[in-house]
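Peer 1: predicted coordinates and the sequence they were generated for:
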Amino acid sequence: MLVATLAGWRLDPTAVDLVIAGSVVYVGVQGLVGRPRDARVTAAVVFGFGLVHGLGLSTRLQDLGLPEDGLVARILVFNVRVGLGQLAALAVMVATGSLVARAVREKGRARPVAYGALVAAGMVAVGVVAASTGSADAPATAIAGCRETPYTPVVVLGEHPRKDFYGPDEEAPGADLSHVLGDGYVIVTYKPTIPEPDVEAL
């Protein structure tokens, strides 16, 4: 994650979410199958999942617009905090699982049920992420709970801005932007520290 952030490497966040959900399915299937015969294959798969997770997290960090001063130290501290949070979550999960395993009399049946539930949860997550990918382009009327209402113009101060786009080093005219909001335009604001490709996309 550190190297990817410093180098500006980025991945599609949706693809990362799909890989994360797929890794949950993989763990569940591996638990149902049993111990792997070749630990090297499992290690390679886990390494691949971890690499994608790190690159995806780096992409999201870059979207936040991290400050350039002390960037390495900030990322390292962030990694340590994430690691401690993961260890705490794992400790709770292991403790809960141990209590449940002791409470179940027929332990042979508890294992496949637990891993089957993990596979099911992962598949649901994959389905949700995949379904939400195409929903961004859906018309507003197709979204549950939404309804169209007549547009009421709002009279505000200011005039029309002199141009459509203001760069990171320019001061955008706030009153003029408010004026075109009243005309029904959509204003997109962004942090001045976003990467150059994102500025070009805007």
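Peer 2: Yes, it's here.
Peer 1: next SSE after the least confident helix or strand in the chain by mean pLDDT?
Peer 2: When the helices and strands of the chain are compared on mean pLDDT, DSSP states H and E, helix 174-182 comes out lowest with a mean of 75. Using DSSP states H and E, the next helix or strand after helix 174-182 towards the C-terminus is helix 196-201.
Peer 1: any buried residues in that following helix, and which?
Peer 2: By 16 or more other Cβ atoms under 10 Å, helix 196-201 has no buried positions at all. The C-beta positions use only the backbone N, C-alpha and C, and glycine is treated the same way.
Peer 1: what does that helix rub up against?
Peer 2: Outside helix 196-201, the residues within contact range by Cβ atoms under 8 Å, 6 or more residues apart in numbering are 167-168, 190.
Peer 1: with pLDDT added, can I get those in CSV?
Peer 2: Written out in CSV, the entries for the contacts of helix 196-201 read as follows (pLDDT from 0 to 100):
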residue, pLDDT
167, 88
168, 87
190, 85
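Peer 1: nearest to residue 114 among the residues you listed?
Peer 2: When the contacts of helix 196-201 are compared for distance to residue 114 (Cβ to Cβ), residue 190 wins out at 44.5 Å.
Peer 1: buried residues in the strand or helix carrying residue 27, which are they?
Peer 2: For residue 27, the enclosing helix or strand under DSSP H and E is helix 13-33. When burial is assessed from 16+ other Cβ under 10 Å, helix 13-33 yields the following buried residues: 16-28, 30-31.
Peer 1: show me what that helix is packed against.
Peer 2: Contact partners of helix 13-33 among helices and strands, from 3 or more Cβ pairs under 8 Å, 6 or more residues apart in numbering; DSSP states H and E: helix 39-64, helix 107-133.
Peer 1: tell me the mean pLDDT for it?
Peer 2: Throughout helix 13-33, pLDDT has a mean value of 86.
Peer 1: distance between it and the chain's centre?
Peer 2: Using Cα atoms, centre = their mean, to the nearest Å, we find the averaged C-alpha position of helix 13-33 to lie 15 Å away from the chain's own average C-alpha position.
Peer 1: let the chain start at 58 from now.
Peer 2: Got it, first residue is 58 now, which makes that one helix 70-90.
Peer 1: distance of residue 136 from residue 91?
Peer 2: Here residue 136 is placed at a distance of 33 Å from residue 91 (Cβ to Cβ, to the nearest Å).
Peer 1: neighbour count for those two, which is higher?
Peer 2: residue 136 (14 against 8; other Cβ atoms under 10 Å).
Peer 1: excluding chain neighbours, what is closest to the more buried one?
Peer 2: Beyond its immediate neighbours in the sequence, the residue positioned closest to residue 136 (Cβ to Cβ, 6 or more residues apart in numbering) is residue 58, lying 6.6 Å away.
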